[in-house]
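Attaching a predicted model along with its sequence, questions to come.
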Amino acid sequence: MRSVLAVGDAKAKPGEIAKGSLGSVELADGSRAHVPVIIVNGAEDGPVLTVIAAIHGTEISGIGAIHELVKTMDPKKLRGALLAVPGGNPLAFRIGVYTTPIDGKNLSGPWYLPAVDKATANITQRMAICINAALEKADYVIDVHANPLPSIGFVLTDLEMCPDDRVKKDVVRMAKAFGLTTINWPRKQATSIRDVCSQNGKPSITHELPGNIYMWDEVNRIGARGIRNVMKELGMLEGALEKQTETVVKGDLTFYGWLIAQRGGLMCVRRKPGELIRKGETAVEIVDVYGDVIQDVKMPINGYCWSFTGGVHGSHAVSEGDHLAYIFADTKELGGAAFVEKPM
């Protein structure tokens, strides 16, 4: 028999939905920024899934996915519970910036589980402490992010951070159930919620939506559909998995690196995200203000771009050194899983 579920100042009885705050941080004028939480407490026992959106303030489309998901849920037909955090970094998303504007820190950091000591924490870490309350109760975690257009929707895993076969198996089945292209991003150190949670025995994936700064119904439905599929896979909801509308790239896929601007100018995308681009083929052209091509940016391998990210705030006006696109490829193409940490 399930019991009342409480986190932050929100409390839900079995079969109920409750909304509240995981906590807040105080600003110079005395106002407070609250980290929101939605509890959907099922009527029957089952696992707890924590879903977080807008850790980065320029990636708000995940908030829409959570809204769409909660609207479609009946807690009386749910096993376990959903803990949803629709706006992890309220300081960043209120003004549309990637990191916390107060201290410039990235909330997607290594300070979760257990949380750092609050007495010595900066304001970003203090918001992480709030979020940590929802992670501590979780059996499984989905961290929702988003990419600038043009981009595809996909799922990131980090199998190298899984401490055992049980966690790795659960990560793989969560990613597969989501129904989108799955890309592994191997890391040596935990630097995100996905990494930290998996490392601590809580299977976790990152869902990346297309269209980071937008709240489109179509994109909301992609995210909600995928999360529902994961909940069905985990036995939290009944029913068959729903087919995604996005094109799925098949294969044993891994993150490779980035296309980098060597010149400053205007970025012209010449290929589609998720399209196979052969080594040496043009992916992007950079032109000057007169329309003349000043850099022909070619693919370094046979692979794909999941997003053409551009410059500041996703603008296609770029400076030299900007990341133009993320590259992923089949591990067979690379001779095995590899993460190239240097620009190409």
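Nice, I can see it. Bear in mind the structure is a predicted one, so any value in this text is a computation, not a measurement. Residues are numbered from 1 along each chain as shown.

farthest residue from the center of this structure?
Here the chain reaches farthest from its C-alpha mean at residue 290, the gap being 37.4 Å by Cα atoms, centre = their mean.

That residue should be in a strand, yeah?
No: counting by DSSP: H, G, I helix; E, B strand; the rest coil, residue 290 is not found in a strand; it is coil.

Give me the local confidence score for it.
With respect to pLDDT, residue 290 scores 97.

what do you get for the one 5 residues further on?
Model confidence at residue 295, given as pLDDT, is 98.

That one and residue 55: what is the separation?
32 Å (Cβ to Cβ, to the nearest Å). Any C-beta I mention is one placed from the backbone N, CA and C, and that applies to glycine too.

who has more neighbours, these two?
Per other Cβ atoms under 10 Å, whichever of residue 295 and residue 55 has more neighbours is residue 55, with 28 against 19.

any idea how far the residue farthest from the centre of the chain lies from residue 265?
10 Å.

Looks like residue 22 contacts residue 131 (just checking).
Yes: if you go by Cβ atoms under 8 Å, residue 22 and residue 131 touch, sitting 6.4 Å apart.

so what sits against both of those two?
35, 85 (Cβ atoms under 8 Å, 6 or more residues apart in numbering).

Which one of the two is surrounded by more residues?
residue 131 (25 against 22).

Against residue 203, how distant is the more buried one?
In terms of Cβ to Cβ, residue 131 sits 18 Å off from residue 203.

just residue 121 next, same as before
27 Å.

who has more neighbours, the two?
Shown here are residue 121 and residue 203; by other Cβ under 10 Å, residue 203 has more neighbours (26 against 16).

what sits against the more buried one?
140, 141, 162, 167, 170, 171, 174, 197.

In strands, which of those residues appear?
Residues of those located in strands (DSSP state E): 140, 141.

May I see the ChimeraX selection of the buried members of the contacts of residue 203?
A single ChimeraX command selects the buried members of these (16 or more other Cβ atoms under 10 Å):
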select :140,141,162,167,170,171,174,197
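
so which of the contacts of residue 203 comes closest to residue 245?
residue 174 (19.8 Å; Cβ to Cβ).

any idea how far the closest one lies from residue 23?
27 Å.

cool, residue 77 as well?
On the measure of Cβ to Cβ, residue 77 and residue 23 end up 30 Å apart.

Report the contact partners of the residue lying closest to residue 245 once chain neighbours are set aside.
Nearest residue to residue 245, sequence neighbours excluded (Cβ to Cβ, 6 or more residues apart in numbering): residue 222, at 7.0 Å. By Cβ under 8 Å, 6+ apart, residue 222 lies in contact with 65, 153, 180, 209, 210, 244, 245, 246.

Do I have it right that residue 253 meets residue 180?
No: in this structure residue 253 lies outside contact range of residue 180 using Cβ under 8 Å: 11.3 Å.

can you pull the contacts of residue 46?
By Cβ under 8 Å, 6+ apart, the neighbours of residue 46 are 78, 79, 80, 81, 234, 235, 236.

what do you get if the cut-off is 7 Å, keeping everything else the same?
79, 80, 235, 236 (Cβ atoms under 7 Å, 6 or more residues apart in numbering).

and these, which of them are in helices?
Residues of the contacts of residue 46 located in helices (DSSP state H): none.

Buried ones among these?
Of these, these count as buried by 16+ other Cβ under 10 Å: 79, 80, 236.

Tell me the one among those residues nearest to residue 96.
After measuring the buried ones among the contacts of residue 46 against residue 96 - Cβ to Cβ - the closest member comes out as residue 236, at 33.3 Å.

SS state for residue 195?
helix.

Against residue 108, how distant is it?
Residue 195 is 9 Å from residue 108, by Cβ to Cβ.

do residue 156 as well
12 Å.

Which one of these two is surrounded by more residues?
It is residue 108, of residue 156 and residue 108, that has more neighbours when counted by other Cβ under 10 Å, with 25 against 22.

which residues sit in contact with that one?
Contacts of residue 108 (Cβ under 7 Å, 6+ apart): 55, 56, 192, 193.

Excluding sequence neighbours, find me the nearest residue to the first one.
Spatial nearest neighbour of residue 55, excluding adjacent residues (Cβ to Cβ, 6+ apart): residue 88 at 4.3 Å.

Please parse this structure into its domains.
Domains of the chain are assigned by automatic domain parsing as 5-233, 257-334.

Tell me which of these sits most buried.
domain 5-233 (a mean of 20; mean count of other Cβ atoms under 10 Å).

Now do the end-to-end distance for that domain.
22 Å (Cα to Cα, to the nearest Å).

Helix or strand with the lowest mean pLDDT in the protein?
helix 331-334 (a mean of 89; mean pLDDT, DSSP states H and E).

Which neighbouring elements make contact with that one?
strand 253-260 (3 or more Cβ pairs under 7 Å, 6 or more residues apart in numbering; DSSP states H and E).

Residue 221: which element?
helix 217-233 (DSSP states H and E).

Ok, residue 48 next?
strand 44-53.

So which elements touch the helix or strand following that strand?
Proceeding N to C from strand 44-53, the next assigned helix or strand is helix 61-71, under DSSP H and E. Helix 61-71 sits against strand 44-53, strand 79-86, strand 140-147, strand 204-210, helix 217-233, with contacts defined as 3+ Cβ pairs under 7 Å, 6+ apart.
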